[in-house]
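>>> Attaching a predicted model along with its sequence, questions to come.
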Amino acid sequence: QVQLVESGGGLVQAGASLRLSCAASGRTFSSYTMGWFRQAPGEEREFVAAISRSSTRTSYADSVKGRFTISRDNAKNTVYLQMNSLKPEDTAVYYCAAPRQTMVYTTRWNEYGYWGQGTQVTVSS
């Protein structure tokens, strides 16, 4: 069982940066791939980024590649999403998530079974 709590969202202007954090409970954090997803009003939830258990592998949506960086600190049970050069189209609720199964690397939202409550990111033009 994994419980996730996001923080770090807010209202910023286009071109600014934000860093999201996701604190996980439980002693098995390092056994899980971790992912970030987002959902804008009226839109489906979409994949943003994922990181493997030991940080050796990362994946990004094309829309954020080169601007966002996912990282994790297993000693702190925390995963981060550094977001630079933010655009109005990045406005969404951002969720961190862990797959239903440990030891699995996936970017498919329907394979993630543990979700945080979400944090709002709003980018004004």
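Everything's here; your move.
>>> Look up the closest residue to the residue nearest to the spatial centre of the chain, ignoring the ones flanking it.
Centroid check for the chain by C-alpha atoms, centre = their mean gives Trp36 as the closest residue, at 2.1 Å. Once its chain neighbours are removed from consideration, Trp36 has its nearest residue in Val48; the separation is 4.3 Å (C-beta to C-beta, 6 or more residues apart in numbering). In short, each C-beta sits where N, CA and C put it, glycine included.
>>> From Arg27, how far out is that neighbour?
The span separating Val48 from Arg27 equals 26 Å under the rule C-beta to C-beta, to the nearest Å.
>>> Tyr105 too?
Tyr105 sits 20 Å away from Arg27, taking C-beta to C-beta as the criterion.
>>> Go ahead and name everything in contact with the helix or strand where the residue nearest to Trp36 lies.
The secondary structure element spanning Val48 is strand 46-51 (assigned by DSSP states H and E). Counting by C-beta atoms under 8 Å, 6 or more residues apart in numbering, the neighbours of strand 46-51 from elsewhere in the structure are 33-39, 57-61, 64, 68-72, 79, 81, 94, 105-109.
>>> In that strand, which residues are buried?
Going by neighbour count (16 or more other C-beta atoms under 10 Å), the buried part of strand 46-51 is Phe47, Val48, Ala49, Ala50, Ile51.
>>> in the sheet, who's paired with the last one?
Spelled out, it's Ile51. Beta-bridge pairing of Ile51, defined through DSSP bridges, involves Met34, Thr58.
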